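J.: Sequence and predicted structure, then a few things I'm wondering about:
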Amino acid sequence: MGEPKPQKPGKLLLTEAQETPYFHFSKFLKEETDELSPVFLSSCFSLSLYPTLSTSMAAWDLSVNVEDLGPDAPPVTVSVTSDLHIGGVILKLVEKTQIKRDWSDHALWWDQKQQWLLRTAWTLEKYGIHANARLLFMPQHKPLKLGLPNGITLRLRACFSSPVFKTVMGICRMLNIRHPEELSLLRPVEEKKKKKDKDSAEEIYDLSEVPLSSASRPCLYNGMPAHFADSPQMEAIYKMLSVTQPPPAPEVLAKQYRPASVVDKAHINGRWLDSSRCLMQQGIQENDRVWLRFKYLTFYELEPKYDAVRLTQMYEQARWAILLEDIDCTEEEMMLFGALQYHISKVSQLEPQMLSTNAAMDDLESALQSLEVKMEGESSSASEMLENMTAPELNDYLKIFRPKRLTLKGYKQYWFKFQDTSISYFKSKEESIGEPIQQINLKGCEVAPDVNVAAQKFLIRLLIPAPEGMNEVYLRCENEQQYAQWMAACRLASKGKSLADSSFQSEIQSIRSFLAMQKTNSSSQGNAPANDESINTYSLVSPRYHKKYKVKQLTPRILDAYQNVAQLSLTDAVMRFLQIWQALPDFGLAYVVVRFKGSRKDEVLGIAPNRLIRIDLGVGDVVKTWRYNNMKQWNVNWDIRQMAIEFEGNVNIAFSCVTADCKIVHEFIGGYIFMSTRSREKSEILNEELFHKLTGGHEAL
């Protein structure tokens, strides 16, 4: 048959011979007879390589356990032949049980192979099923306990036979969560069982009777899916999903698992379920508990009008990540997060619904907006177009500092020029016509803020990729306005975008908003209550700050930050919380402990939405960064469980995974690349085939 073709990343070339237990010689002979000798053909048939030539099949007994008959019921035995198709076996089973009910959701599960027999036209012979096969006839949809980011547990019917990716789509459709590709399921952290803990009886909200819909978007009634509008009890459940929960009680926060190190954070990512395989194949049984979480932190088209549940659950996941110190933030940022939580909790009691209930008016409004944008675009004059085509640049005096281990030199002032994706600096403005002292290309670099508004400290920390590792550079700005412009420029350049990009002004505005919220409002301090009894600092900041400060110290600081957000609506406050969360340097990083090829020690691989980061486990420093847009291909050797990635410039890396299966890392990388292919034109259509090509290994097929 010749050598097999080389495999593409994440894809398996499956030949017909591998797909079926025998060669299709009829097709083979039709195409190749002229090239084969009569002696070869006769030997093939004498060796019985083509079993379907046999005209008579012997009948044999097949035993099947029928779940509906109960766990103690004996298996049902049916007489079959090898050429009987799966649909025929099911028909015989249904007739023999004599139970009148809807069997359309039932299918056969092959226990030894951990496989659903969903191709009803395939014969027993084609599947390779013999008399010793342990088969189970049961429903494909079963109850599942689903833990949401806001701590609520639902009991709902989920598909146990489809890949997890499709199962999550069905769950999100039921809960009215758009863009289900961003979420996935993971096994919960094992909780220690306490003796006679009667108070720990958890309340589970039952949605198992909700009919499953195949529509891509559910029909809304009064702003919620129709199945939630059936009764006051169902409406109450939807309100829990779409409205933020009160801050957790201190004792609840104290019981939660907190990762103590990067290695602890890495172990969490080993619990994600495989998106290419079904729940049954991964040992998940009826009424088992799993968690629904946002996995790919690249949020697409956040629309408060349509995303009430999605935004609320996103906010809850972000809040818990900050409270449990799953993501690092500065002290000022923590006080701001605490103030926003306090404000959101207060306002959510007054504004119970985040989204408008008049869908017709929403559609009309969005149509008018798109028409307005179109007319504005058509009315652009030729001079405006020429103006936009001229690439803008930034020029100003900044101070630069390069930290070195042996020297402690301070900041030096230079004249800086920002053009395209590079910064150049000169001794003075007058010398900027000539050659710069140095030009630094920021494409692929790491950009992190180091800001203290009260102390007038505006630093931009840059980690520049270099052959020997990462070069660290600090830029000091004089004021907020200068910082907002240069920080926005650095962020865009790190993504390979110039100042001409349309998002430049919105990036500046976002940074300015963030700075405004960090300002201490001294004039309003006198108006703010010194001690507000309704504020519980233990629920608003992580436990680390309660060890560092007393409540009397924390309360005025949180209330001080609260003065800057007190005027925000519920929707704006939630959106602002999410924006600040996304602006944190470590946002979106999933950690996995790996062993790089040729290395004798374990290291940490950080997987971000746009890059991979190599982190020294001992020191915690970033050693190297690789961006996805420089990736040429990646492969997995499933035998030795090792990943190999090739980047532009003849850069090759290979590593094996320590704290997670390499399939999880493979899926993270492929998933983020899939997320980058989404576009506004195709936002309603989810390309499942492309997702599985990028994330599924040979095991998925």
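T.: Great, that's in hand. Numbers count the residues shown, from 1 in each chain.

J.: Quick one: low-confidence residue ranges for the stretch 101-250 of the chain.
T.: In the predicted model, the stretch 101-250 of the chain carries pLDDT under 70 at residues 191-201, 212-218.

J.: how about the helices in it?
T.: Secondary structure of the stretch 101-250 of the chain by DSSP state H, counting those that start in this stretch: the helices cover 124-127, 164-175, 232-242, 250-255.

J.: Quick check: which of those is nearest to Phe299?
T.: The minimum distance between Phe299 and those falls on helix 164-175, with 13.9 Å, by CB to CB. From N, CA and C alone the C-beta is placed, and that goes for glycine too.

J.: Contacts for the closest one next, please.
T.: Applying CB atoms under 8 Å, 6 or more residues apart in numbering, the set of residues contacting helix 164-175 from outside is 146, 156, 158-160, 162, 178, 180-181, 183-185, 207, 210, 212-213, 215-218, 225, 227, 241, 273-279, 282, 292, 309, 686, 688, 691-692.

J.: coming back round to it: out of the helices of the stretch 101-250 of the chain, the one nearest Pro449 is which?
T.: For the helices of the stretch 101-250 of the chain, proximity to Pro449 was assessed by CB to CB; helix 250-255 is nearest, at 27.2 Å.

J.: With just CA atoms, put the closest one into PDB.
T.: The C-alpha atoms that make up helix 250-255 are tabulated as PDB, following Å, rounded to 0.1, in the frame of the first residue of the first chain:
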ATOM      1  CA  PRO A 250     -16.000  34.700  55.300                       C
ATOM      2  CA  GLU A 251     -16.400  31.100  56.400                       C
ATOM      3  CA  VAL A 252     -17.300  30.000  52.900                       C
ATOM      4  CA  LEU A 253     -14.300  31.800  51.500                       C
ATOM      5  CA  ALA A 254     -12.000  30.200  54.100                       C
ATOM      6  CA  LYS A 255     -13.200  26.700  53.100                       C
END
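
J.: List the buried residues of the helix or strand that it is followed by.
T.: With elements assigned by DSSP states H and E, the helix or strand that comes after helix 250-255 is helix 262-268. If you call a residue buried by 16 or more other CB atoms under 10 Å, then helix 262-268 has these buried ones: 265-268.

J.: which one of those is nearest Tyr257?
T.: Within the set of the buried residues of helix 262-268, Ile268 lies nearest Tyr257; the separation is 8.8 Å, counting by CB to CB.

J.: re the thing from before, what subset of the contacts of helix 164-175 is buried?
T.: Neighbour-count burial within the contacts of helix 164-175 applies to 146, 156, 158-160, 162, 178, 180-181, 183-185, 207, 210, 218, 225, 227, 241, 273-279, 292, 309, 686, 691-692; the criterion is 16+ other CB under 10 Å.

J.: Tell me which residue is most central in this structure.
T.: With distances taken as CA atoms, centre = their mean, the chain has Tyr296 as the residue nearest its mean C-alpha position (1.7 Å).

J.: Let me know the secondary structure of it.
T.: When the structure is split into helix, strand and coil by DSSP: H, G, I helix; E, B strand; the rest coil, Tyr296 lands in coil.

J.: can you list the buried residues of helix 262-268 in CSV and add distance to Thr120 and pLDDT?
T.: Rendered in CSV, the data for the buried residues of helix 262-268 read as follows (distance: CB to CB, whole Å; pLDDT from 0 to 100):
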residue, distance to Thr120, pLDDT
Lys265, 45, 90
Ala266, 43, 90
His267, 41, 90
Ile268, 40, 90
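
J.: mind putting these in TSV, distance to Ile535 included?
T.: As requested, the buried residues of helix 262-268 are arranged in TSV below (distance: CB to CB, whole Å):
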residue	distance to Ile535
Lys265	30
Ala266	35
His267	34
Ile268	31
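
J.: Dump the helices of the stretch 101-250 of the chain to CSV, plus distance to Glu435.
T.: What follows is those, written out as CSV (distance: least, CB to CB, whole Å):
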stretch, distance to Glu435
helix 124-127, 72
helix 164-175, 54
helix 232-242, 59
helix 250-255, 57
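
J.: Gln505: which of those is closest?
T.: Of all the helices of the stretch 101-250 of the chain, the one in closest proximity to Gln505, counting by CB to CB, is helix 232-242 (32.0 Å).

J.: Can I get that closest one as PDB, trimmed to CA atoms?
T.: This file holds the C-alpha atoms of helix 232-242, laid out as PDB (Å, rounded to 0.1, in the frame of the first residue of the first chain):
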ATOM      1  CA  PRO A 232     -42.200  31.400  39.300                       C
ATOM      2  CA  GLN A 233     -39.700  28.700  40.500                       C
ATOM      3  CA  MET A 234     -38.100  28.500  37.000                       C
ATOM      4  CA  GLU A 235     -38.000  32.300  36.800                       C
ATOM      5  CA  ALA A 236     -36.200  32.400  40.200                       C
ATOM      6  CA  ILE A 237     -33.600  29.900  38.900                       C
ATOM      7  CA  TYR A 238     -33.000  32.100  35.900                       C
ATOM      8  CA  LYS A 239     -32.600  35.100  38.100                       C
ATOM      9  CA  MET A 240     -29.900  33.200  40.100                       C
ATOM     10  CA  LEU A 241     -28.100  32.600  36.800                       C
ATOM     11  CA  SER A 242     -28.300  36.100  35.400                       C
END
